[in-house]
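In: give the three-dimensional model of this entry:
(one chain, ligands or ions: 1)
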Amino acid sequence: MSDKVPLGEEEIEVALREAPGWNRVGKEITRTYSIRYHGGIAMIVHVADIERLIGHHADIDLRWGSIRFGITTHDVGHKLTGADFDLARRIDAIAAAHGATPVDN
Ligand SMILES: C[C@H](O)[C@H](O)[C@H]1CNC2=NC(N)=NC(=O)C2=N1
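Out: I've put the predicted structure just below:
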């Protein structure tokens, strides 16, 4: 499991470059995908299985045609850690497996 030690600013910049499509918004990193509602439910179940496995959970906002993930580490006061970027990578892989299309801005 990735560690839950707050990252420094430079480490966050490096991690963001290595997680293309994820945006830093306030205290979290976030990404939105386009997916049909029912497909989004199936994707969430898959993500939840992985979240339980790694002990790290995203905030998930499912809408009619899209799903948004927001990730930050609560245990260290809502700061960004390696665990957030680890989960982001895993969500990207699951999204691809479910045919979810990134809505990157
Ligand atoms: C005990 C349990 O592992 C911790 O509370 C985990 C659960 N999931 C978590 N998820 C996130 N995003 N941040 C955390 O600090 C966190 N802590």
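
In: let me see the mean pLDDT of stretch 62-75.
Out: Averaged across stretch 62-75, the pLDDT comes to 98.

In: make that stretch 44-58, sorry
Out: 98.

In: do it and the ligand meet?
Out: Yes - using C-beta under 6 Å from any ligand atom, we find that stretch 44-58 touches the ligand at G55, H56, H57. Just so you know, the C-beta spots here come from the backbone N, C-alpha and C atoms, and that holds for glycine as well.

In: and that stretch, how far from the chain's centre?
Out: How far stretch 44-58 lies from its chain's middle: 10 Å, per C-alpha atoms, centre = their mean, to the nearest Å.

In: restricting to C-alpha, output that stretch in CSV.
Out: Extracted in CSV, the C-alpha atoms of stretch 44-58 (Å, rounded to 0.1, in the frame of the first residue of the first chain):
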residue,chain,number,x,y,z
ILE,A,44,-18.2,2.0,-9.0
VAL,A,45,-18.6,-1.6,-7.7
HIS,A,46,-15.3,-2.5,-9.3
VAL,A,47,-13.6,0.6,-7.8
ALA,A,48,-15.1,-0.1,-4.4
ASP,A,49,-13.5,-3.6,-4.4
ILE,A,50,-10.1,-2.1,-5.1
GLU,A,51,-10.6,0.6,-2.5
ARG,A,52,-11.4,-2.0,0.1
LEU,A,53,-8.3,-3.9,-0.9
ILE,A,54,-6.0,-0.9,-0.5
GLY,A,55,-7.8,0.8,2.3
HIS,A,56,-8.2,4.1,0.4
HIS,A,57,-11.4,5.6,-0.9
ALA,A,58,-12.4,8.2,-3.4
